[in-house]
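Trainee: Sequence and predicted structure below; questions after.
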Amino acid sequence: MKRIKIKELLSNSSQYIDTQITLKGWVRTKRGNKHVAFVALNDGSTIHTIQIVLDVAKFSEEQLKDVTTGACIGVTGKLVQSQGAGQSVEIQGETLEVIGVADPETYPLQKKGHSLEFLREIAHLRPRTNTFSCVLRLRHAMAFAVHKFYNDKGFVYVHTPIITGSDAEGAGAMFQVTTLDVSNPPKTKEGAVDYTKDFFGKATNLTVSGQLEGELAAMALGEVYTFGPTFRAENSNTTRHLAEFWMIEPEMAFYEIQDNMDLAEEFLKYLVQYALDNCIDDLNFLNEMYDKELVARLKSVVETPFVRLNYTEAVEILIATKQKFEYKVEWGIDLQSEHERYLVEKHFLKPVILTNYPKDIKAFYMKANEDGKTVRAMDVLFPGIGEIIGGSQREDNLEKLQARCKEVGIHENEIWWYLETRKFGSAPHSGFGLGFERLMLFVTGMGNIRDVIPFPRTPQSAEF
């Protein structure tokens, strides 16, 4: 008999009543007496379990003793209306197969509360918990929604390289990629490592962003996006940093900064609404267990227009407030998370898009404003997160971009290919980057970024 998933069964239970059903999954709990056993079964398709009722007389003691928390079983039986409290339907088990045992003495996920810190140490098993099954289903839904949003708008999905030959963006420390013998690398006459002998004939690293390559594609295809892993070798052991994470980076020809802001707001609202429409059971669980305001906060983001605010105005607001900050506020600083969250959570009580940052704290490729001091940058700030999106209108004038490269010390021969897009058929264009794990923190209400990615990569930690 073909297996039915629990999500399908519970969603359409009326059509399955009084029919034979086969389920397979993992035991969450077993209780009962010498006459009857009640097994809560979950198969990962939903947060919910289904109760299996086993008449002890119908099964051997050998079979039943192996039905323990964590064991994998298959059950065939009739779906009936439940007589007990806590569930509307249940399965009256008629056949039972123990597919995989779980030794109750050593299985670490017994029926009790486990700290998130402990679960990170057993990341290979934590998807079996309610919390992490919710997080991973939501992560899947958000990834699907990203692709659906851009596909439906006619964007082209571009795969940008993970191995790169330059750090032109200057976005952070990079992981080196090499096939050289690191204990005895070839040397030049000057004593430096001779990378001409390396696999690519030059020094290469794992990418920190797909943006620059995305710009190249946008200059031919119009509207594109990337969605892939990125890497930063920053020794930051915080609740907000990972060494390996995923980035969504759309890039659009003929978009001015205003168009860029409009797209970012539309995109974020679409993703949040998709979660509310398709993952409400998982959101309700996380709302109950971790963040009592989660669902209300998600709904408010969808329903509320984002504030558009100049960096200079933001600094004036922060200086005028009586709030005490750890980091001093003055024009020209890169705003810290505490400043961003004050604007969103205390002053405006809604998401904020900050624009027109000082050019000295932003990347070389951002388009300069006429004042000569600021650039057409934009950051989207969210409650509980701070910056969730960073982007800008790109500098499309070759001479201005060359001058900016010289100003910040980037050699033109490192990014000759990037400059050539301004030489041959240049066009105004804009884009932004959304850190997928930052989005997941907001959508799930989790407090630590290590809990929204299956296998977190952090300093001194690359398990699993």
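Mentor: Looks like it came in fine.
Trainee: What degree of burial does the nearest residue to K359 once chain neighbours are set aside show, as a neighbour count?
Mentor: Excluding the flanking residues, the one nearest K359 by C-beta to C-beta, 6 or more residues apart in numbering is V375, at 4.5 Å. For the C-beta atoms, the positions are set from N, CA and C on the backbone; glycine is no exception. Neighbour count of V375, defined by other C-beta atoms under 10 Å: 27.
Trainee: now the helix or strand where V375 lies: mean pLDDT?
Mentor: Element membership for V375 (DSSP states H and E) is strand 374-382. Per-residue pLDDT over strand 374-382 has a mean of 97.
Trainee: E414 touches S166, doesn't it?
Mentor: Yes - look at E414 against S166 with C-beta atoms under 8 Å: they come within range, at 4.9 Å.
Trainee: And those two? Which one has more around it.
Mentor: Under the neighbour definition other C-beta under 10 Å, E414 and S166 were set side by side, and S166 has more, 19 against 14.
Trainee: contacting residues for that one?
Mentor: Counting by C-beta atoms under 8 Å, 6 or more residues apart in numbering, S166 touches 414-415.
Trainee: Helices along the stretch 251-400 of the chain, start to end?
Mentor: For the stretch 251-400 of the chain, the helices defined by DSSP state H, counting those that start in this stretch cover 257-278, 280-289, 294-303, 311-320, 337-342, 398-408.
Trainee: between those helices, which one is nearest to Y327?
Mentor: Closest to Y327 of these is helix 337-342 (C-beta to C-beta; 6.8 Å).
Trainee: Show me which positions of that closest one end up buried.
Mentor: Buried residues in helix 337-342, counted by 16 or more other C-beta atoms under 10 Å: 339-342.
Trainee: which ones are touching G425?
Mentor: The contact partners of G425, by C-beta under 8 Å, 6+ apart, come to M219.
Trainee: Remind me which helix or strand it belongs to.
Mentor: Since the elements are taken from DSSP H and E, G425 ends up inside neither a helix nor a strand.
Trainee: residues contacting P229?
Mentor: Per C-beta under 8 Å, 6+ apart, neighbours of P229: 162, 244-247.
Trainee: Name the nearest of those relative to I280.
Mentor: Set against I280, the nearest of the contacts of P229 by C-beta to C-beta is W246 (24.0 Å).
Trainee: I'd like to know the beta-bridge partner residues of that closest one.
Mentor: Beta-bridge partners for W246, by DSSP bridges, are P229.
Trainee: wouldn't it be in contact with F436 here?
Mentor: Yes - applying C-beta under 8 Å, one finds W246 in contact with F436, separated by 3.9 Å.
Trainee: neighbour-wise, which of the two wins?
Mentor: Using other C-beta under 10 Å, the more surrounded residue of W246 and F436 is F436, with 22 against 19.
Trainee: Got the confidence number for the more buried one?
Mentor: F436 is assigned a predicted lDDT (pLDDT) of 98.
Trainee: Then F464?
Mentor: pLDDT, F464: 87.
Trainee: neighbours around the closest residue to it other than its chain neighbours, how many?
Mentor: Leaving aside its chain neighbours, F464 sits nearest to F455 (4.8 Å; criterion: C-beta to C-beta, 6+ apart). Residue crowding around F455 was assessed by other C-beta under 10 Å; the count is 14.
Trainee: Does D198 touch T178 like I think?
Mentor: Yes - with contact defined as C-beta under 8 Å, D198 reaches T178; the gap is 5.5 Å.
Trainee: neighbour-wise, which of the two wins?
Mentor: It is D198, of D198 and T178, that has more neighbours when counted by other C-beta under 10 Å, with 18 against 15.
Trainee: What separation do you get for that one and E266?
Mentor: Distance, D198 to E266, using C-beta to C-beta, to the nearest Å: 44 Å.
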